[in-house]
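> All I have is the shape, not the residue letters:
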């Protein structure tokens, strides 16, 4: 067993333990104080009394270049939150700039949004347009701090600025046999010696306002989370300018040896601009069970991901990249296609609910030319059987075959919705009344062949088959079709099932492979 290792790329600008390098904004320099009674990191913060005026404090770090993904993270606190002005008037502001008279101010809170007070860490991307410009700030900031616009007189220092950093991510690696979780990372980050602010523990889970790397290209991670909320907060209120880059908030799984399990995890975004992204670059296995993804941007998975009984609601597009989906639901998705996959067989018993403006599935390959469809759709254009069908182009077809040439036969499983079709050029046949039969259990690398029968009951034409199976094999045919099924493995006695009638509903065809005692190992 190995304990998880937590790290971050955040770089300290100043931890606000002394007034060295700090100066007042708006006058009253002597009013700056080291405040030991309210702080969020270390032992102190830098405080200033703000009355019915616009003043603050900032730190001179010298020119501080930042990377393409970096944001500045500033901890701010007002002990009298009701005395701040409205958000749109700049009640509480992050200030970044190149001098006291050349600054950008970003409006982050006010008495209409900050009425409960408390320490809040605000991420800001310096290249974005500020809500208020003081002079003409240069391209690379050197001054970092906070400003408050007060509305009444107060008797003591009430604006606190604590740790200021820049960067973009928190990382977790190792944890083999002792997996990390969203909460364990946040608890580590929240320790007063750190208070990174990028990820924080909240009721029922965590708040993430940056990138979380589960494993890296160089190091694996073992990770498990159950019944947890991952909240992407609103860093870009509609009443003010954009403060963070779209895609800044992201959960990334990496390393081919990483093992990740999410069971009952809810990913919820409150931010309409920087909505939150889920990316599975690679892993040994990523298991997603009974999870909810709501109001997010894109979800990108890979072949190592297995998704069951999970829901995407009001998200952009999910890209499968050979991940499998069983019993999942996609509702009112905002991308042109709810799910992009190269194999309809990877999407089983799923439900798609349209708002009338997108495709349920976008298919990027026709494979061997025949695929099974076992999905339920509502709100999409009506589909029909045909060989071939006549495609339409309304943008609300349930299946978009985004392939320019070739022929695809879509076999619609019993009880599934007949898909409407858009095509980029490929010919599409839709065959209705199909039943999927699963031959199971099988020894791995078993050969299975399904034949039609001629008049004498002998094998005629191969209808389906596999050379080297997994633990099961599926074939889809019209209900009532009579077939012969041959099951062969070199270590087992052969099985011949003659005269099997394909049922009217999906079914398992149970086989019992017995060891061949004549087989020599």
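On my side now, so go ahead. Model, not experiment: these values are computed from the prediction.
> hmm, which helix or strand of this structure has the shakiest average pLDDT?
None of the helices or strands of the chain scores lower by mean pLDDT, DSSP states H and E than strand 459-466, at a mean of 86.
> following it, which helix or strand comes up?
Going down the chain from strand 459-466, the next helix or strand is strand 473-478, by DSSP states H and E.
> Tell me the strands beside that following strand, with direction?
When pairing is defined by DSSP bridges, strand 473-478 lines up against strand 427-440 (antiparallel).
> report the angle between the axes of the least confident helix or strand of the chain and strand 473-478?
130 degrees (axes from the mean of the first three to the mean of the last three CA atoms, to 10 degrees).
> Strand 459-466: how far from the chain's middle?
Per CA atoms, centre = their mean, to the nearest Å, the displacement of strand 459-466 from the mean C-alpha position of its chain is 42 Å.
> packing partners for that strand?
Where contact means 3 or more CB pairs under 8 Å, 6 or more residues apart in numbering; DSSP states H and E, strand 459-466 is packed against strand 447-453, strand 473-478, strand 482-488. Where you see a C-beta, it was placed from the backbone N, CA and C, and this is true even at glycine.
> Repeat the analysis, applying 10 Å as the threshold.
Packing partners of strand 459-466 (3 or more CB pairs under 10 Å, 6 or more residues apart in numbering; DSSP states H and E): strand 427-440, strand 447-453, strand 473-478, strand 482-488.
> who's in contact with the third one?
Contacts of strand 473-478 from elsewhere in the structure, counted by CB atoms under 10 Å, 6 or more residues apart in numbering, are 345, 348, 370-374, 411-414, 431-440, 442, 446-450, 452, 463-466, 483, 485, 487, 502, 506, 508-509, 511.
> if you set the cut-off to 7 Å instead, what comes out?
372, 411, 413, 433-439, 442, 448, 450, 463-464, 466, 483, 502 (CB atoms under 7 Å, 6 or more residues apart in numbering).
> Break the protein into its domains for me.
11-166, 168-316, 441-510 (automatic domain parsing).
> TSV please, covering the ones you listed and showing distance to residue 353.
What follows is the domains of the chain, written out as TSV (distance: least, CB to CB, whole Å):
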stretch	distance to residue 353
domain 11-166	33
domain 168-316	9
domain 441-510	22
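> could these go into JSON lines alongside mean neighbour count and distance to residue 401?
Output for those, formatted as JSON lines (neighbours: other CB atoms under 10 Å; distance: least, CB to CB, whole Å):
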{"stretch": "domain 11-166", "mean neighbour count": "19", "distance to residue 401": "36"}
{"stretch": "domain 168-316", "mean neighbour count": "20", "distance to residue 401": "21"}
{"stretch": "domain 441-510", "mean neighbour count": "15", "distance to residue 401": "18"}
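> so who does residue 102 touch?
Taking CB under 7 Å, 6+ apart as the test, what residue 102 contacts is 134-138.
> just residue 76 next, same as before
Here residue 76 is in contact with 92, 120, 122, 146, 161 (CB under 7 Å, 6+ apart).
> Please flag which of those residues sit within strands.
92, 120, 122, 146, 161 (DSSP state E).
> Give me the spatial nearest neighbour of the last one, chain neighbours excluded.
Residue nearest to residue 161 in three dimensions, not counting chain neighbours: residue 146, with 4.5 Å by CB to CB, 6 or more residues apart in numbering.
> Return the distance of that neighbour relative to residue 79.
13 Å (CB to CB, to the nearest Å).
> Residue 504 now?
Per CB to CB, residue 504 is found 71 Å from residue 79.
> now swap in residue 151 and tell me
15 Å.
> same check, this time on residue 437
Computed as CB to CB, the residue 437 to residue 79 distance reads 70 Å.
> ok, now residue 342?
Distance, residue 342 to residue 79, using CB to CB: 57 Å.
> before we move on, what about residue 204?
From residue 204 to residue 79 the distance is 27 Å (CB to CB).
> what do you get for residue 329?
46 Å.
> next one: residue 374
Residue 374 is 59 Å from residue 79, by CB to CB.
> next one: residue 290
43 Å.
> next one: residue 469
Residue 469 is 68 Å from residue 79, by CB to CB.
> who are the neighbours in contact with the residue nearest to residue 495 when sequence neighbours are not counted?
Using CB to CB, 6+ apart and skipping residues adjacent in sequence, the residue nearest residue 495 is residue 487, 4.0 Å away. Counting by CB under 7 Å, 6+ apart, residue 487 touches 439, 446, 448, 494-495, 511, 513.
> On the strand side of things, show who the residue nearest to the spatial centre of the chain bridges to.
Residue closest to the average C-alpha location in the chain (CA atoms, centre = their mean): residue 278, at 2.1 Å. Applying DSSP bridges to residue 278 gives these bridge partners: residue 251, residue 299.
> Would you confirm that it contacts residue 302?
No - counting by CB atoms under 7 Å, residue 302 is not a contact partner of residue 278; they are 11.7 Å apart.
> how about the helices in the stretch 101-250 of the chain?
Here the stretch 101-250 of the chain has its helices, by DSSP state H, counting those that start in this stretch, at 182-190.
> Could you list the low-pLDDT ranges of it?
Along the stretch 101-250 of the chain, segments meeting pLDDT under 70 are nowhere present.
> circling back: can you tell me which of the domains of the chain comes nearest to residue 392?
When these are compared by CB to CB, domain 168-316 sits nearest residue 392, at 23.5 Å.
> Straight-line length of stretch 303-317, end to end?
Across stretch 303-317, the terminal residues are separated by 17 Å (CA to CA, to the nearest Å).
> Could you give the average pLDDT over it?
The average pLDDT for stretch 303-317 rounds to 98.
> can you give me the offset of it from its chain's centre?
So, by CA atoms, centre = their mean, the centroid of stretch 303-317 is 9 Å from its chain's centroid.
> For the stretch 401-521 of the chain, give me the ranges with low pLDDT.
Residue ranges of the stretch 401-521 of the chain with pLDDT under 70: 454-459, 520-521.
> from the ones in strands among the contacts of residue 76, which is closest to residue 41?
Among the ones in strands among the contacts of residue 76, residue 161 lies closest to residue 41 (CB to CB), at 10.9 Å.
> which residues does the closest one contact?
Neighbouring residues of residue 161 by CB under 7 Å, 6+ apart: 16, 45-46, 57, 74-76, 145-146.
> among those, which are in strands?
Using DSSP E, the members of the contacts of residue 161 that fall in strands are 45-46, 57, 74-76, 145-146.
> Quick check: the farthest pair among those residues?
57 and 75 (12.7 Å).
> Please determine how far residue 13 is located from residue 69.
Going from residue 13 to residue 69 by CB to CB gives 17 Å.
> Check residue 22 too.
Taking CB to CB, one finds residue 22 at 28 Å from residue 69.
> now swap in residue 312 and tell me
Distance, residue 312 to residue 69, using CB to CB: 25 Å.
> repeat for residue 266
26 Å.
> same deal with residue 465?
Applying CB to CB to residue 465 and residue 69 gives a distance of 49 Å.
> Could you list the paired strands of the one helix or strand residue 72 maps to along with their orientation?
Taking DSSP H and E as the definition, residue 72 sits inside strand 71-78. Each strand paired with strand 71-78, and its direction, by DSSP bridges: strand 120-124 (antiparallel), strand 159-167 (antiparallel).
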